[in-house]
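K.L.:
sequence? don't have it. structure:
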C-alpha cells in the first residue's frame, strides 16, 4: 500500500512539473510558444546583449515610466493629424473584429491578426514606417498601464519586424532585441519558478516580451523616429 501511495505521489509531482514547464524538452526548449531556439535552462545572468549583436544594454521591464509616456506624447503630437487619425480609424475597425464568434473563441493573439481589417492596419503601418512605430508603442503602453491581460496589438510588431517563431532567426538588430528580451523572460521564469522563491505566479507571454521590446525600441530608435516625423512631407490642403 505504501509503495502504491509513493508511486502515486511521484507520478503526481512529475505531471505537475511537466504541466508547469509547458512541454519543455530535455534541453529546456519550448516548441509550442516561441520556436526551437530558446534555451530556457540558460541562467539569465549569463545572457549577454553582445551575444545577440546588440549595441546597448536593454531595459528589462514591461511597464512604462511617466517620463517615457511623456516622451511618446511629445513625438505623437508632432505627427500630422491625418496620419494619427488614419491609424486610429483602421485600429478601431480591427478592434471591431475581435468580437466575431470565429475569432473571440481563441486566446492566441495570432488568431486576431488574420482578418482583412488587421492587414489593412498592418499595411498602413508599413506605409508610414518608423512614424507608425510610436503609435504602436503607445497602444502597448496603454495596455501596460492598465495591466491588461488581453492584448493582441503585439502582433503588429511581430509582423512589421518579421519575427520568426519557427526558430530561424535573422541578423536584424530589431529581431535580435526581441529574442534577447524573450530569452531573459523565460530564463528568469524557469530559474525562479514555478516553485522558486521569486515566482510571481505569472507565465511570460508574448505581451510581456513585446511590451518590453517596445520600451527598448523607443530608446533605440527615438532619434530615427523623430527624424522620420520631421522629414515627412505633409500634403498641401486645397483651398
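P.N.:
That came through, no problem. Since the model is a prediction, treat every value here as computed from it, not as a measurement.
K.L.:
what about the closest residue to residue 87 other than its chain neighbours, how many residues nearby?
P.N.:
Take residue 87 and drop its neighbours on the chain: the residue closest to it by C-beta to C-beta, 6 or more residues apart in numbering is residue 135, 5.0 Å away. Just so you know, the C-beta spots here come from the backbone N, C-alpha and C atoms, and that holds for glycine as well. Other residues near residue 135 come to 21 when the count uses other C-beta atoms under 10 Å.
K.L.:
can you list the neighbours in contact with the helix or strand hosting residue 135?
P.N.:
Following DSSP states H and E, one finds residue 135 within helix 130-146. Under the criterion C-beta atoms under 8 Å, 6 or more residues apart in numbering, residues 62-64, 68-69, 72, 75-76, 79, 83-84, 87, 91, 124-126, 151, 153-154, 156-157, 160, 207, 210-211, 214-215, 217-218, 221, 224-225, 228-229, 232 lie in contact with helix 130-146.
K.L.:
same thing but 6 Å
P.N.:
Helix 130-146 has contacts (C-beta atoms under 6 Å, 6 or more residues apart in numbering) with 63-64, 72, 75, 87, 125, 151, 153, 156, 211, 214, 218, 224-225, 228-229.
K.L.:
what's the farthest-apart pair in those?
P.N.:
Pairwise distances among these were taken by C-beta to C-beta; the largest, 26.1 Å, belongs to 63 and 228.
K.L.:
higher neighbour count, these two?
P.N.:
Taking neighbours as other C-beta under 10 Å, residue 63 and residue 228 compare with residue 228 leading, 18 against 12.
K.L.:
using the three-state scheme, assign residue 152.
P.N.:
The local conformation at residue 152, judged by DSSP: H, G, I helix; E, B strand; the rest coil, is coil.
K.L.:
wait, it touches residue 108, no?
P.N.:
No. Look at residue 152 against residue 108 with C-beta atoms under 6 Å: they stay out of range, at 8.9 Å.
K.L.:
which stretches of this protein form helices?
P.N.:
Along the chain, counting by DSSP state H, helices occupy 2-20, 66-78, 81-97, 101-104, 116-128, 130-146, 154-160, 173-192, 206-231.
K.L.:
mean pLDDT for those helices: which is lowest?
P.N.:
Lowest mean pLDDT of the helices of the chain: helix 2-20, a mean of 38.
K.L.:
and residue 220, how far from residue 214?
P.N.:
11 Å (C-beta to C-beta, to the nearest Å).
K.L.:
which one's more surrounded, the two?
P.N.:
residue 214 (26 against 18).
K.L.:
got the contact list for the more buried one?
P.N.:
137, 140.
K.L.:
please renumber the chain so that the first residue is 37 from this point on.
P.N.:
Right, with 37 as the first residue, what we last looked at is residue 250.
K.L.:
on that earlier part again, neighbour count winner among residue 188 and residue 144?
P.N.:
Each of residue 188 and residue 144 has its neighbours counted (other C-beta under 10 Å); residue 188 has more, 22 against 11.
K.L.:
what's that one sitting at in phi/psi?
P.N.:
phi -110, psi 0 (degrees, to the nearest 10).
K.L.:
got the buried residues for stretch 93-111?
P.N.:
94, 98, 100, 104, 107, 108, 111 (16 or more other C-beta atoms under 10 Å).
K.L.:
what sits against the closest residue to residue 160 other than its chain neighbours?
P.N.:
Counting by C-beta to C-beta, 6+ apart, the nearest residue to residue 160 once its immediate chain neighbours are dropped is residue 126, at 5.3 Å. Residue 126 sits next to 156, 157, 160 when contact means C-beta under 6 Å, 6+ apart.
K.L.:
let's see 8 Å
P.N.:
153, 156, 157, 160.
K.L.:
what's the neighbour count on the last one?
P.N.:
Using other C-beta under 10 Å, the number of residues around residue 160 comes to 17.
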